[in-house]
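sharing a model prediction with you, sequence too.
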Amino acid sequence: MEFCVHGKYALFSDVLTRVGGEKFSYPVPTYEALKGVLHSIYWKPTFTWIVDSVRIMNKIKTVRKGMRLKMYQPKSQVTDSDLAYYSYLEDVCYHVRAHFEWNLNRPELEMDRNEHKHHNIARRMIERGGRRDIFLGTRECQAYVEPCAFDEGKGDYDDVDMALAFMYYAMIYPDEAEREEDKGFLTACFHQPEMKKGVIELIRPSDIPPEHKRHIKKMEMKAFGTELENFSGLGEFTGGDACELD
């Protein structure tokens with residue numbers, strides 16, 4: 001599956017800059033942010049989206065904006081807000097290549113494993129701009145998706161190789177855990193990606209070395225019913241595209 005996502009602003013905030021209430025964006029999108037875009041395009045618990053690679057099309061530019069934030073414990077009676085500066089990426093465009101795999105942690109959804117159906121729905125949702133609102137990093141950074149060929153067009157970094165900084169990468173949720181040591185936990189992953197000819201080849205979160213993972217807390221998978229009657233989207237489970245709920 002290949003598509004283009006673009007927007008006026010993006011904010012993939014560096015976790016180290018958020019302690020004081022201000023945010024500064026990473027120069028490139030995180031794996032988790034791209035997976036979030038795919039979830040907004042089309043997602044079901046039957047499968048898991050795997051982001052393969054991202055191509056940086058536009059020059060990396062930043063812009064600072066003053067944000068007035070509400071203070072829950074005002075420091076004075078004069079004002080109940082504070083001023084912070086957010087650093088956004090400006091005029092962003094990315095080509096993304098991804099695929100889905102069956103979620104083997106959900107055996108109760110085995111009857112819904114119809115590759116042809118889900119691929120066609122995802123393709124149509126990209127053509128229509130996604131099922132839900134698309135945004136890049138944070139909610140105020142509205143974005144748009146459209147079909148494209150991953151290698152088409154000229155990018156500003158097509159002749160550039162760049163080593164990026166060690167950064168937050170992705171979260172592994174209990175129902176997406178592939179390794180036994182990650183099951184039953186919410187796990188944060190950190191990684192140092194590398195851009196080659198404008199393309200960043202993304203590794204699976206499960207392949208991140210253990211020393212670059214951290215179990216945030218224990219978490220169990222959300223329980224779904226085992227009978228079809230328990231699913232609100234019954235039509236999507238009982239056939240092909242004719243039963244799809246667009």
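Yes, it's here.

helices or strands up against the strand or helix carrying Tyr144?
In this assignment (DSSP states H and E), Tyr144 forms part of strand 142-147. Secondary-structure packing of strand 142-147 (3 or more CB pairs under 8 Å, 6 or more residues apart in numbering; DSSP states H and E): strand 2-10, helix 31-41, helix 115-127, strand 134-135. Where C-beta positions appear, they are placed from N, C-alpha and C, glycine not excepted.

which of the residues in the longest one are buried?
It refers to helix 115-127. Under the neighbour-count criterion of 16 or more other CB atoms under 10 Å, helix 115-127 has 117-118, 121-123, 125-126 buried.

cool, stretch 46-57 as well?
In stretch 46-57, counting by 16+ other CB under 10 Å, buried: 46-52, 54-57.

now it, how far from the centre of its chain.
Relative to the centre of its chain, stretch 46-57 is centred 8 Å away, using CA atoms, centre = their mean, to the nearest Å.

and stretch 121-140, by the same measure?
The answer for stretch 121-140 is 11 Å, by CA atoms, centre = their mean.

looking at the buried residues of stretch 46-57, which are in strands?
47-52, 54-56 (DSSP state E).

closest to His6 out of the buried residues of helix 115-127?
Ile126 (13.0 Å; CB to CB).

picking up where we left off before, same list, the helices and strands packed on strand 142-147, but as CSV with mean pLDDT please.
Supplementary listing: these in CSV, determined by pLDDT from 0 to 100:
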stretch, mean pLDDT
strand 2-10, 96
helix 31-41, 96
helix 115-127, 95
strand 134-135, 94
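
closest one to Tyr88 among the ones you listed?
Using CB to CB, the helices and strands packed on strand 142-147 put strand 2-10 closest to Tyr88, at 4.4 Å.

could you dump the strand holding Tyr144 to PDB, C-alpha only?
Output of strand 142-147 as PDB, limited to C-alpha atoms (Å, rounded to 0.1, in the frame of the first residue of the first chain):
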ATOM      1  CA  GLN A 142      -4.500  18.700   9.900                       C
ATOM      2  CA  ALA A 143      -3.200  16.700   6.900                       C
ATOM      3  CA  TYR A 144      -4.500  15.000   3.700                       C
ATOM      4  CA  VAL A 145      -3.900  11.700   2.100                       C
ATOM      5  CA  GLU A 146      -4.100  10.700  -1.600                       C
ATOM      6  CA  PRO A 147      -2.900   7.800  -3.700                       C
END
